[in-house]
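> what follows is a predicted structure for the sequence shown.
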Amino acid sequence: MNTQRENEISLREDRPLPSLEQLETDCRQSALFAWSQRQEKCPEPPQIIYLCPTNVCNHRCCTCGYGSMRRGRKSDGTPQRGYMPLDLFRKIVSELPRGFRRLYLQKTGESLLHPRIMEMMRLLKEMRPEFERAMHTNASVLTPDLAYAMLESLTFVSLSIFAFDAPSYRLAHGADHFRRVMNNITMFHEAWRRAKNPPKVYFDVVRNVHNAHLSDETIFRILQERFPSFNVGIHFPYNFQGFTKDYDNRIFSSIDPARMPTCIHPWDMMTILWDGMLGYCVGDPLEAANLGDLRRQTPMEAWNGPAYREFRRLLAEKEFVTLRERGIHCGSCNWNFALKSQVMNTMCMHRRHESPVPKDPATGHLFRAKDLLRSGLSSYAMGDLAEALKSTAFAEIVAQDPVLRKKAGWWKARVLDILAMRKDIEYWEDLLGREGLSLESVHVSRYFVAPEQMHATGGQHFQTETGTLVKRDWF
């Protein structure tokens, strides 16, 4: 663990827990509570925001649903694809709520194609320096000037590469850019090593037919030999809600809709399209269903506006047919079974970084029921369900005050509500197994961490020959 992270945790451990009343209020207003109770309104701001500079892209990747995205013009004559005006970008950024943790300057397009992307990156850092600022790029148009702006303005960069020789790359990416991309990344790697406080950098490798013959370890070695300072992430392909070629969607024709998982993203993530419209998901392949208009609304007005609240209601009630009729294809999305839409990490991101660290009741530091319940609620707010269940159950057992005992039991039941969201896990495993898949293969991303960036990740570490493999637990 790096010194900065150790200091952050030490400060949180020394900070006293809020009062019981304040903790109850915080938990009731959290995205975790709203999601598990299937509430239409989410008082807490989104933890992650995707702000799209452009939906124009110069690649046609086999792992992406870009080919299905809107094109041409709307009925009113406005274009379906384009570039966000700088004035609109400035308005949206200035109105973003406090309390969210990370902003991705991207969606489905190639952000570096925006003619004013360097200004956008610098404006974002200048206006909202407290947020993590991330970008995903295929690096095909990366120049020294763009590289400098990224290193200066961003805290996280992800580089897309799905194949490792020119012929395979051309098939996987739909563009003959392999040598250009390798040269651009070499330039970026050298600039990163010279930078004083560079961002965390990962290669994002999506599994597909053009790299299926390579093991995870082989992919890591290929990239580490040329770019030893960059991490490598490898994961199962997202099916863009049924609009990609590389994923067989048989599970969606056999699963009982009532037993589908309830995705967390409508309660913890906001997607802003290039024209200021509010999309329903970063994985939306069509960009045809809008839940707000940030040219006329603030982000938080749209976040809990009528359209977004109706979307959450229909999703919680598993009304996938109605959603599809409205251009929302959640019912055929494999993120429902993936790490990204089932973990507490993003939903509780802000509180995990900011909240005091509760003491473990098993250590003997806590004996009073009220303190146990405060510890349990703090754990709930950070998405640590095992600790929340232990502390609330312990508080219910030892409480002498019947009011406090009832309160502890009520919060224990709320923790169990969250765990019950996964009651069909063996059913999902069985359906995926019929396709030769597993929850393990779909849920878990593997991260090989370069020694120079060891501080960039959390999770459980497994030593490999040339780096560290981090396997993120989806629970």
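Happy to help now that I have it.
> quick check: mean pLDDT of stretch 57-65?
Stretch 57-65 comes out with an average pLDDT of 91.
> would you map the strands across the stretch 1-150 of the chain?
Ranges of strands within the stretch 1-150 of the chain are 48-51, 102-104, 132-137, based on DSSP state E, counting those that start in this stretch.
> can you redo these as JSON lines with mean neighbour count?
Using the backbone N, CA and C atoms, a C-beta is placed for each residue, glycine as well. As requested, the strands of the stretch 1-150 of the chain are exported to JSON lines (neighbours: other Cβ atoms under 10 Å):
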{"stretch": "strand 48-51", "mean neighbour count": "23"}
{"stretch": "strand 102-104", "mean neighbour count": "21"}
{"stretch": "strand 132-137", "mean neighbour count": "21"}
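> for Trp335, which of those is the nearest?
Closest approach to Trp335 among the strands of the stretch 1-150 of the chain is made by strand 48-51 (13.5 Å; Cβ to Cβ).
> that closest one pairs with which strands?
strand 102-104 (parallel), strand 269-272 (parallel) (DSSP bridges).
> list the buried residues in the lengthiest helix in the chain.
What stands out as the longest helix in the chain, according to DSSP state H, is helix 402-420. By 16 or more other Cβ atoms under 10 Å, the buried positions in helix 402-420 come out as Leu404, Arg405, Lys407, Ala408, Gly409, Trp411, Lys412, Arg414, Val415, Ile418.
> repeat that for stretch 36-55.
Residues of stretch 36-55 classed as buried: 36, 39-40, 42, 44-55 (neighbour count, 16+ other Cβ under 10 Å).
> quick one on the thing from earlier: what's downstream of the longest helix of the chain, the next helix or strand?
Next along the chain after helix 402-420, taking DSSP states H and E as the criterion, comes helix 425-433.
> which residues does that next one contact?
Helix 425-433 is contacted from outside by Ile251, Ser254, Ile255, Arg259, Pro261, Phe337, Ser438, Leu439, Ser441, Val442, using Cβ atoms under 8 Å, 6 or more residues apart in numbering.
> please list only the buried members of those.
For the contacts of helix 425-433, buried by 16+ other Cβ under 10 Å: Ile251, Ile255, Pro261, Phe337, Leu439, Val442.
> in strands, which of those residues appear?
Of the buried ones among the contacts of helix 425-433, none are assigned to strands by DSSP state E.
> just give me the least confident of these.
Lowest pLDDT among the buried ones among the contacts of helix 425-433: Val442, with 79.
> my read: that one touches Pro237, true?
No. Val442 is not in contact with Pro237 according to Cβ atoms under 8 Å; the separation is 9.6 Å.
> any weak-confidence spans in this structure?
Within the chain, the ranges that satisfy pLDDT under 70 run 1-15, 70-79, 245-248, 339-347, 349-366, 452-475.
> same thing but 50
By pLDDT under 50, the low-scoring segments of the chain are 1-12, 455-475.
> which residue lies farthest from the center of it?
Distance from the C-alpha centroid of the chain peaks at Gln400, with 42.3 Å (Cα atoms, centre = their mean).
> tell me how far the nearest residue to that one once chain neighbours are set aside lies from Pro53.
Distances taken as Cβ to Cβ, 6 or more residues apart in numbering place Ala369 nearest to Gln400, at 7.3 Å, with adjacent residues excluded. Shown here: Ala369 relative to Pro53, a distance of 52 Å by Cβ to Cβ, to the nearest Å.
> what's the answer for Arg81, then?
Distance of Arg81 to Pro53, given as Cβ to Cβ: 12 Å.
> surely Ala307 and Asn290 touch.
Yes. With contact defined as Cβ under 8 Å, Ala307 counts as touching Asn290 (7.5 Å).
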